[in-house]
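1. Sequence first, predicted model second:
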Amino acid sequence: MTQHATMEKHALSRRQVMVGAAGLSFAVALDGPIARAAMLAAERAGRAISPWVSIAPDGTISIMSAATEMGQGSMTSLPLIIAEELDADWSRVRIVPAPPLDTIYGNPGFGGMMYTAGSNAVTSYYRPLRMMGAQVRRVLIDNAAKKLGVPADELTTEPSSVVHAKSGRKLSYGEIAAFAEVPAKAPEIKPEELKKPADFRLIGKDVTRVELPTKVNGTARYSIDVQVPGMLYGAVVRAPVEGSTPEKIDEASAKATAGVIKVVKLPHGVGVIAETPWAAFAARQALARTTTWNKSGQAWGFNSDKGIETFAAAARDPNSKATDWFKLGDARAEMPKAASTFDAEYVCDYAYHAQMEPLNAVASVSPSGDSAEIWCGTQSQTMAQEATANALGIAREKVKLHDTLLGGGFGRRGPRDMDFLIDAVLLSKGAGKPVKMMWTREDDVRNGRFRPLSAHHLRAGFDASGKLIAYQHRLAGDRVTPFIDPVRYAKAGKKDFILMLGADLKGYDVPHQLVEQIYEDTGVRTAPLRGISFTANKFAAEVFLDEIALKQGIDPVKFRLDLLHKTPRAVKVVERVAEMANWGRKREGRGLGFAYLDYSGSQVAGIFEVSVDRASGQIKVHEVWCTIDCGTAVQPDNIAAQTEGSTVYGLGLALTERISIKDGEVEQSNFYDYQVPRMNEIPPMHVEVISTDNHPTGAGQMSTPLVAPGISNAVAQLIGVRLRHSPFTPERVKKALG
């Protein structure tokens, strides 16, 4: 049974920790316990050999997992990497979520923060965790050598045992842990001493994800399951427009609800504290009807339909102020020299995360307000602690975090200000008791943070032979990074990477490229969303390339392969997916569309088979083929599953999911007017994971950006109509059909 135990204070002495490979640490704790933490299936057992590994006398090996588990499998994959180099018997491994200690468990890809996002966990932790596992293995071998009285280089390991072949003697890891002396300095492991891929026993082999059994039997614990003695329930009426504050509050309307204890005015709204969630929700509704708001929020008066027109006009106007995001060669000089040019425009709407578990958290602030205990599912343990500390004006070490499983993240549970958590913290402070704060689905939609609105003007330049020599992508998009994470924005040199990544033609042999950002700030709440900026930017780029191919009378797959001739891994995924889908075969009444992308080094290609009902404008996706090369496939079956889920997410963004803003407010409220894909709308999917010996790259969201361009390209092949505004709602399809 899964239980997330109370976290205790994590005091590590100077002797216990030294900075190790890639910024991670090697602990040498011999005296006293390393910090206890929540774990799957059992408590952390045995002697702590390092902050990452404990070994019990019975051979049980506890391995810490530093990444948040939100359904992507990192809780299994990261410990498995350690277990590989440790040469652990996987059946004896128990996985423990790591406590919030950045100096030990921080993600190297996020500056040492404990942050799980961007399909970044495996690729960032891979080398450090392999080194960590190898170091612990070396410590075990050195101790076994001393015990057996033999040179260490005569010893080898097999799963969870050290073996001396000459004498036939063997010591289990459990036996060694009982007498082991752990050195003050981590043993030096050279990169070439790590296992060769051909020798892997665990990496590249499929194992069951450790949290899945608990999800099947119902024992998996999310923050909404947390019960704390004396706990009350909270709900918040939040400002409909970011930056606004309550102007008039009718507390009497809320207090008249049975079970309501207190109404708390917040900087961003009004909170209700009640004895039951239903009382809190009812009082919140009463407050929502009577609360008025000032007009201080920037987005008041903004309408997304008009915003699209404004953005598109700015993108196509060469005189609009723009900053260079990406440059290769000299597109500005070469474009005017082109023998011919081609221009096209594309638009993507705001979109909502639609994670299955709405936002919620539990907080218990001490009566004096100088400490806090919080329970929440968050993509960043670091940010959760920091946001709580900042809200209360206390030191971060005064915040105790219990990190639970997440019912979906997709970027929504990773903002620096942790808005949903701070609701709980402020209500608990106001109540003087623990408070569970829950957002309804309506709260989650109306107060969501969305994929930004964006408009794209693309131009291609060709030489006299028709070869693509220059590419220009002007992107007008609602700002994201300055809003969602101003700290990272400043560190990135004030570059809005969450908006702009993927707008270039990485992988393609186009010598002159220019990507420009036209900064727009509507005041609407924005955030990264699964696939991040690639969902919009690759929609524009891949549809644009398809249009060029058809304009030149070249098969779209052949056209891409010609441009990818310098990228052999890309060529392989493209050729293989074309083979899987039998690309050249015509389908009666159906079209095939192709898309490719290099997503942070992962090579991904997809083909989509669609039909269109001309009368209704409804697009139906009948079948999907996808290939992915993300380097070393740590867990191939899990990568395939993530690719399937990523594709389903892309289907919603491509066909139905859109947020519209009117006078600054979100018009949608639930799944009846924000439509996500239903099970009967999911086509058969064929995913092939192409594992290579390259360093592992991301897999959690890589196929999402393929879907919209693939469907648009399929529709164009089928009926000769190009869809350039995502999502492709039936109304938009019918309009395109004329």
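-> Arrived safely, thanks for sending. None of these values were measured; they are calculated from a predicted model. Numbering: from 1, shown residues only.
2. center of this protein, which residue is that?
-> residue 117 (3.6 Å; C-alpha atoms, centre = their mean).
3. Got phi/psi on that residue?
-> Backbone torsions of residue 117, given as degrees, to the nearest 10, read phi -170, psi 170.
4. Is it correct that it is in contact with residue 378?
-> No: with contacts counted by C-beta atoms under 8 Å, residue 117 stays clear of residue 378, the gap being 10.8 Å. Where C-beta positions appear, they are placed from N, C-alpha and C, glycine not excepted.
5. Common neighbours of these two, please.
-> residue 414 (C-beta atoms under 8 Å, 6 or more residues apart in numbering).
6. State the distance from residue 705 to residue 190.
-> 39 Å (C-beta to C-beta, to the nearest Å).
7. between those two, which one's more packed in?
-> residue 705 (31 against 8; other C-beta atoms under 10 Å).
8. does that one count as helix, strand or coil?
-> helix (DSSP: H, G, I helix; E, B strand; the rest coil).
9. Would you mind confirming that it is in contact with residue 539?
-> Yes: at 6.9 Å, residue 705 counts as touching residue 539 under the criterion of C-beta under 8 Å.
10. now the lengthiest helix in the chain: mean pLDDT?
-> What stands out as the longest helix in the chain, according to DSSP state H, is helix 121-148. Mean pLDDT, computed over helix 121-148, is 97.
11. same question, stretch 693-709
-> In the prediction, stretch 693-709 has an average pLDDT of 97.
12. Repeat that for stretch 195-206.
-> The model assigns stretch 195-206 a mean pLDDT of 95.
13. for that stretch, the distance to its chain's centre please.
-> 26 Å (C-alpha atoms, centre = their mean, to the nearest Å).
14. circling back: packing partners of the longest helix of the chain?
-> Helix 121-148 sits against strand 53-55, helix 74-86, strand 155-158, strand 161-164, strand 169-172, helix 173-179, with contacts defined as 3 or more C-beta pairs under 8 Å, 6 or more residues apart in numbering; DSSP states H and E.
15. Partner strands of the shortest one and their direction?
-> Spelled out, that is strand 53-55. strand 47-48 (antiparallel), strand 61-65 (antiparallel) (DSSP bridges).
16. ok, residues contacting that strand?
-> With C-beta under 8 Å, 6+ apart as the criterion, strand 53-55 contacts 34, 44-49, 61-64, 82, 86, 132-133, 136, 173-174, 176-177.
17. so residue 532 sits in a strand?
-> No: counting by three-state DSSP, residue 532 is not found in a strand; it is coil.
18. Phi and psi next, for it.
-> Dihedral angles for residue 532 - degrees, to the nearest 10 - are phi 50, psi -140.
19. now residue 340
-> Torsion angles, degrees, to the nearest 10, at residue 340: phi -150, psi 160.
20. okay, now it: neighbour count?
-> Neighbours around residue 340, by other C-beta under 10 Å: 11.
21. going forward can the numbers begin at 11, since that is how I track them
-> All right, first residue 11 from here; so that's residue 350.
22. If we ignore the residues flanking it in sequence, what's nearest it?
-> Closest residue to residue 350 apart from its sequence neighbours, by C-beta to C-beta, 6 or more residues apart in numbering: residue 472 at 5.0 Å.
23. try residue 384
-> Using C-beta to C-beta, 6+ apart, the closest residue to residue 384 is residue 373 (5.0 Å).
24. what about the one you found, how many neighbours?
-> 30.
25. Point me to the helix or strand that includes residue 559.
-> helix 544-561 (DSSP states H and E).
26. State the next helix or strand along the chain beyond that helix.
-> helix 566-573.
27. Going by contacts, tell me the helices and strands next to that next one.
-> helix 544-561, helix 578-590, strand 601-609.
28. what distance separates it from the centre of its chain?
-> 30 Å.
29. Between strand 601-609 and that helix, find me the angle.
-> Angle, helix 566-573 to strand 601-609, by axes from the mean of the first three to the mean of the last three C-alpha atoms, to 10 degrees: 30 degrees.
30. got the CA coordinates for helix 566-573 in CSV?
-> Only the C-alpha atoms of helix 566-573 are listed here, as CSV (Å, rounded to 0.1, in the frame of the first residue of the first chain):
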residue,chain,number,x,y,z
PRO,A,566,6.2,15.7,-49.1
VAL,A,567,8.2,12.9,-47.6
LYS,A,568,10.8,13.0,-50.4
PHE,A,569,11.0,16.8,-50.0
ARG,A,570,11.8,16.4,-46.3
LEU,A,571,14.3,13.6,-46.9
ASP,A,572,16.2,15.8,-49.4
LEU,A,573,16.4,18.6,-46.8
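31. now the helices for the stretch 161-310 of the chain?
-> Along the stretch 161-310 of the chain, counting by DSSP state H, counting those that start in this stretch, helices occupy 183-189, 222-227, 261-265, 287-300.
32. Among these, which comes closest to residue 117?
-> helix 222-227 (23.4 Å; C-beta to C-beta).
33. and residue 371, how many neighbours?
-> Neighbour tally, residue 371, other C-beta under 10 Å: 30.
34. about what we covered before: among the strands paired with strand 63-65, which is nearest residue 618?
-> strand 71-75 (35.0 Å).
35. Now do that closest one: everything it contacts.
-> Contacts for strand 71-75 (C-beta under 8 Å, 6+ apart): 47, 49, 54-56, 61-66, 84-86, 88-89, 92-93, 96, 98-99, 102-108, 115, 170, 183.
36. ok so, going back, buried set for the helix holding residue 559?
-> Across helix 544-561, burial judged by 16 or more other C-beta atoms under 10 Å covers 544-560.
37. what does stretch 404-415 give?
-> 404, 408, 409, 410, 411, 412, 413, 414, 415.
38. per-residue confidence for the fourth one?
-> Meaning residue 410. 97.
39. Which secondary structure state is assigned to the residue nearest to it when sequence neighbours are not counted?
-> Residue nearest to residue 410 in three dimensions, not counting chain neighbours: residue 383, with 4.5 Å by C-beta to C-beta, 6+ apart. Put simply, residue 383 is strand when judged by three-state DSSP.
40. For residue 383, give its distance to residue 396.
-> In terms of C-beta to C-beta, residue 383 sits 15 Å off from residue 396.
41. again with residue 377
-> Taking C-beta to C-beta, one finds residue 377 at 23 Å from residue 396.
42. ok, now which ones touch residue 255?
-> Residue 255 neighbours (C-beta under 8 Å, 6+ apart): 249, 277, 278, 303, 304, 306.
43. try residue 670
-> Contacts of residue 670 by C-beta under 8 Å, 6+ apart are 314, 315, 359, 360, 676, 677, 678.
44. Keep only those of the residues you listed that are in strands.
-> In strands, defined here by DSSP state E, the members of the contacts of residue 670 are residue 676.
45. which of the contacts of residue 670 count as buried?
-> 314, 359, 360, 676, 677, 678.
46. So, low pLDDT: which residues of the chain?
-> Screening the chain residue by residue with the criterion pLDDT under 70, one finds the ranges 11-54.
47. if we go to 80?
-> Across the chain, the ranges flagged by pLDDT under 80 are 11-55.
48. This completes my enquiry, with thanks.
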